[in-house]
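Participant: Just the structure for this:
(chains A and B)
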Amino acid sequence: MRKSGARHLAVGLALLAATATACTSSPAPGPQPSGPASGSAQTTVGAPPAPTGQPGVLRILAGSELQDMVPVLEEAQKATGVTVQFSWTGSLDGADAVAGGNADGKYDAIWFPSNQYLRLYDKSKEKLLSETPIMASPVAFGIRTSVLNDLSWGDGSKVTWGNLAEAASAGKLSYGMADPSRSNSGFSALVAVASAFSGAGSALTDADVQKAAPQLKQFFTGQKLTSGSSGWLAQAYTRTEQGSIGALVNYESVLLSLDKTLPADQRLTVVRPTDGVISSNYPLTLLSSTPQRERDSFQRLTSYLLQPEVQKRISDLTLRRPIVPGVAPATGLPTDRVHELPFPGTKAVADGLLSAYQNELRRPSRTVYVLDTSGSMAGQRLASLKSAMGRLTGSDDTRGTRRFRDREEVTLISFASKVKSRKTHSVPPGGAAQQELAAINGDVQALSADGGTAVYSSLEEAYRVIQQQQSATKDDRFTSIVLMTDGESNEGATDQDFRAFYGGLPAAQKSVPVFPILFGDAAKGQLQGIADLTGGKLFDGTGSLDGAFEEIRGYQ
Amino acid sequence: MKRGVVGVLVLLLMAGGVVWWLVKPGGGDTGGTTGGTTGQPNPTKVVKVTGTVGSEKKAFFEDPKVKEELRRQGLEVSAQSAGSWQMNDVKDDAATDFAFPASLPPAEAIQKARGITATPVRPFYSPLVVLAYKDTAEILRNNGLAARTDAKVWTLTTDKFIGALMEGRTWEQLAPQNRPSELAGKIYLTTTDPDTSSSGALYIAMASYLLNNKEAVQDEATAKRIGTNLHEPFNRQGGMQTSTDQPFTDFTSGTGRPLVLAYESQVLELAAGGNMPDNMVLLYPDTAVISDHSLVAFTDNGKKLADVLMKDDKLRQLAVDHGFRPAAPASGESPFKAHVATLNTPRNAFAFDPDVSHLPLVTLPRQEILLSLIKATK
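Facilitator: Residues are numbered from 1 along each chain as shown, chains lettered A, B, ... in the order given. Presented below is the predicted three-dimensional model:
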């Protein structure tokens, strides 16, 4: 599979238990990404899974949303003798891997919230043998109850996508949503809202997307947070001061689970817009490349998961809806009927919608890269950095997972003992984008390595740059800093200095997260401290720097 | 149904002129554990038979009673569910003995790909039906698109329905007021992907039959013309799932669409388990499409499975319990009819015509023409 973005977590039974503990002890109960930042010892970026299966072991490439199923799979192991070995990745990255043949022989099965995007690949029909839905959950809006009251939306049962767009453009509703180019929850929400606004009443076409664009732009003015994983969104929601993020887009099950852990003033009301939602049915899917022995294991596992008492257990544990008729859903799950919208029928329409989202519909980004070009970076490390940054300027990216987006403002700061260079590029919309992307790549390829490592001073410079840019343009952007370093800060400002500096920043800059990338001999403690302080997230680039740079795109 | 007969009992059956031996599992002096291989006609000879089956037959093959009866016949069947039109794509690791798609056209395609000429065995069949909530069905009825017989059976008025579908009538037009909130936009039927699944393909066969003056499409030019006309109405549903259990479970778990194409057997299985929601109905198209579950045997063991499914009374009864209509009923009353009589309620009745003989049936086009229709439609 593609190196980028995939996080493999091999779990034997003992490790299953370890992961389960990690999940339940973390602040957010929903999907917890087991990415490098979570500190999970079993996680490595880009490491391949076991080359061949073992008897009774089923190797499953799965969406990180499924981590809450780990306790059920432990029980399944006891009942069926089938041990599940998970590798986690995003839904759409997983689809790419399967359609590209990169899952053949490496995995026996896949398990994502939905196979809808994967099915749009012609190749998928020969790759997937058997799909068994296990549970269901619609993608919904979790709105802070105080915000719901301010908007006079009662219990939320009559809210439409139109209401949400109006509130967003009036500045009364800000929300976080996962990147639709990576995450099925974000994609489902995007499809639902585009369908609702197009008024088509049937599956979206390119013309429908065009028609819905003005209202979609309104709706997305309210999106203040983006992320590659839903776990980080939940943390950001609880972190931000009262009211600054008023809602989250996620699976009903994740929102209900999160709500159970929140203090009274942060409680959420789950709203399923009356003009339509898209639900996931979590199909456990056998790959056609899988040999007979594993097919039998797959069958034992699926039969187990569909037993009524197991379905009840799943619903109580995860707050997803049971799929087996006659099994009562967990307490608190709504049972009313909501309009279920069609999913696009062709990959061209789906990718066109994603591309429109990234390049036209969403708020543009302001992205500052703080890149270590000290002496220790010379040679292979600098080459890796140039390659990873260069990939973000390519055009081979149909649904906008990587490349700098139209309207994005990209600043490159290279540093060693002090800031060496600073260059800002604005990617224009439309056909002119290519030229600017090439210019960014030119700057990246011109980087050279020498000198010491002044991490904190260079970060302070990045915040000052953002301050200048914000006051010059007075615009409204997703703003973030990426910090890539291969060593410990040994010159300039100290950790304490930076904390004091950050503490004194006005709100507009204080809300800008830093996403540090661990590389070479970087000091993990320093970088984790920076991520924690600024509300960012640490990424591990030691396995694949390309992968780390690409994964961060979901947060920018 | 009688089960758990104690003692060794040998039944001699006449079925299609073939003498059939069936041995009830032992207790008493034979001393084996039940459910094991003791009491077999030849206990050392339980052979493993593997194959692919349509998802609608998965529950049947996983039923412990079915497994037990097959085992008694010397067969341990491992059945993987797959879309009927996907079965040809399954990598053949020399381990499969049979494929059991949901209808004849994919069975013929599998035979063609493997150079098999024997007629596929069709042990049971089901009509295709449409799932809906009762208030949705009432809206269709108010507009003449559905009806209800004196026996409380819902029917889909296919001529009118296909007309409304082709015109792009909307739910808002059909029910300007008091409409359930999930009904919005143009009407369409939710099906499976006809490239992978038999039921989706049979829906296209049905629509093309109705649009071709109730004749099977015979030639490529007509297939292309009708498929092109069907393109927009069919694709309103957007992305489709690959096997029939998926839209079915979406519907029953409350995350489905208003009108879902399904097999009668799926609904009967639900009802037999006491799990049919009160507000759910099934509509029988008044021009029926029959899904002939067709088993293609690749090996002798596959043939043996086909034989027992055709001839073993107990397996036939178990198929009925799972909602299927057994082919070629033996003399006397159909076990299916008796089964359905136990499921009918005053609110909702099944099995419009247990023998189907009185229903006008869709004639299926030849396999190549069906594939051309699907291609033009998608």
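Participant: Residue of the stretch 101-250 of chain A closest to chain B, please.
Facilitator: A:Gly201 (1.9 Å; Cβ to the nearest Cβ). Using the backbone N, CA and C atoms, a C-beta is placed for each residue, glycine as well.
Participant: how about that residue, phi and psi?
Facilitator: phi 70, psi 10 (degrees, to the nearest 10).
Participant: got it, and B:Thr190?
Facilitator: The phi/psi pair for B:Thr190 (degrees, to the nearest 10) reads phi -90, psi 120.
Participant: contacting residues around the closest residue to it other than its chain neighbours?
Facilitator: Using Cβ to Cβ, 6 or more residues apart in numbering or on different chains and skipping the chain neighbours, the partner closest in space to B:Thr190 is B:Arg257 (4.3 Å). Listed by Cβ atoms under 8 Å, 6 or more residues apart in numbering or on different chains, the contact set of B:Arg257 reads A:340, A:342, B:190, B:237, B:247, B:250-251.
Participant: and of the residues you listed, the nearest to B:Leu183?
Facilitator: Nearest to B:Leu183, judged by Cβ to Cβ, of the contacts of B:Arg257 is A:Glu340 at 10.9 Å.
Participant: For burial, what's the neighbour tally of the residue in the stretch 51-200 of chain B that chain A sits nearest to?
Facilitator: In the stretch 51-200 of chain B, the residue found nearest to chain A is B:Gly185; the distance is 1.9 Å by Cβ to the nearest Cβ. By other Cβ atoms under 10 Å in any protein chain shown, 22 other residues sit near B:Gly185.
Participant: need the contact list for it.
Facilitator: Counted by Cβ under 8 Å, 6+ apart, B:Gly185 has contacts A:200-202, B:170-172, B:236.
Participant: The same query, at a cut-off of 6 Å, please.
Facilitator: Contacts for B:Gly185 (Cβ atoms under 6 Å, 6 or more residues apart in numbering or on different chains) come out as A:201-202, B:170.
Participant: so which of those residues is the most crowded?
Facilitator: In terms of neighbours by other Cβ under 10 Å, the contacts of B:Gly185 top out with A:Ser202 at 23 neighbours.
Participant: how far away is the nearest residue to that residue once chain neighbours are set aside from B:Gly168?
Facilitator: Leaving out its chain neighbours, the residue that sits closest to A:Ser202 by Cβ to Cβ, 6+ apart is B:Arg236, at 3.3 Å. Using Cβ to Cβ, to the nearest Å, B:Arg236 is found at 8 Å from B:Gly168.
Participant: So which of those two has more stuff around it?
Facilitator: Per other Cβ under 10 Å, whichever of B:Arg236 and B:Gly168 has more neighbours is B:Arg236, with 21 against 16.
Participant: dump the residue contacts of the more buried one.
Facilitator: By Cβ under 6 Å, 6+ apart, the neighbours of B:Arg236 are A:202-203, B:186, B:188.
Participant: For the residue of the stretch 101-250 of chain A closest to chain B, give me its contacts.
Facilitator: Going by Cβ under 6 Å, 6+ apart, A:Gly201 touches B:185-186.
Participant: Please tell me the pLDDT value assigned to it.
Facilitator: Looking at A:Gly201, its pLDDT reads 76.
Participant: same check, this time on A:Asp336
Facilitator: 84.
Participant: Using PDB, write out the CA atom coordinates for the helix or strand where A:Ala62 lies.
Facilitator: In this assignment (DSSP states H and E), A:Ala62 forms part of strand A:57-63. Output of strand A:57-63 as PDB, limited to C-alpha atoms (Å, rounded to 0.1, in the frame of the first residue of the first chain):
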ATOM      1  CA  VAL A  57      -5.300 -15.100  12.300                       C
ATOM      2  CA  LEU A  58      -7.300 -12.700  10.200                       C
ATOM      3  CA  ARG A  59      -5.300  -9.600   9.000                       C
ATOM      4  CA  ILE A  60      -7.700  -6.700   8.600                       C
ATOM      5  CA  LEU A  61      -7.000  -3.300   7.100                       C
ATOM      6  CA  ALA A  62      -9.400  -1.100   9.000                       C
ATOM      7  CA  GLY A  63     -10.600   2.400   9.600                       C
END
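Participant: how about stretch A:239-251: buried residues?
Facilitator: The neighbour-count criterion (16 or more other Cβ atoms under 10 Å in any protein chain shown) identifies A:240, A:245-251 as the buried residues of stretch A:239-251.
Participant: For the residue of the stretch 51-200 of chain B closest to chain A, which non-adjacent residue is spatially closest?
Facilitator: With Cβ to Cβ, 6+ apart, the residue lying closest to B:Gly185 is A:Gly201, at 1.9 Å.
Participant: Please list all residues in contact with the residue of the stretch 201-350 of chain B at minimum distance from chain A.
Facilitator: As assessed by Cβ to the nearest Cβ, chain A sits closest to B:Gly238 within the stretch 201-350 of chain B, at 2.9 Å. Residues near B:Gly238 by Cβ under 6 Å, 6+ apart: A:203, A:342-345.
Participant: Name the SS class of A:Leu533, please.
Facilitator: Look at A:Leu533: counting by DSSP: H, G, I helix; E, B strand; the rest coil, its state is helix.
Participant: Check which helix or strand the nearest residue to it once chain neighbours are set aside maps to.
Facilitator: Once flanking residues are discounted, A:Leu533 sits nearest to A:Tyr502: 6.1 Å by Cβ to Cβ, 6+ apart. A:Tyr502 is part of helix A:495-503, with elements assigned from DSSP H and E.
Participant: so how far is that helix from its chain's centroid?
Facilitator: Here helix A:495-503 is found 29 Å from its chain centre; the criterion is Cα atoms, centre = their mean, to the nearest Å.
Participant: Also stretch A:303-320?
Facilitator: Per Cα atoms, centre = their mean, the centroid offset for stretch A:303-320 relative to its chain is 26 Å.
Participant: Show me what counts as buried in that stretch.
Facilitator: Under 16+ other Cβ under 10 Å, the buried positions of stretch A:303-320 are A:304-306, A:310-315, A:317-320.
Participant: any residues touching it, and which ones?
Facilitator: For stretch A:303-320, contacts defined as Cβ under 6 Å, 6+ apart pick out A:68, A:72, A:76, A:79-80, A:134-135, A:137, A:253, A:256-257, A:322, A:324, A:327, A:329-330, B:62.
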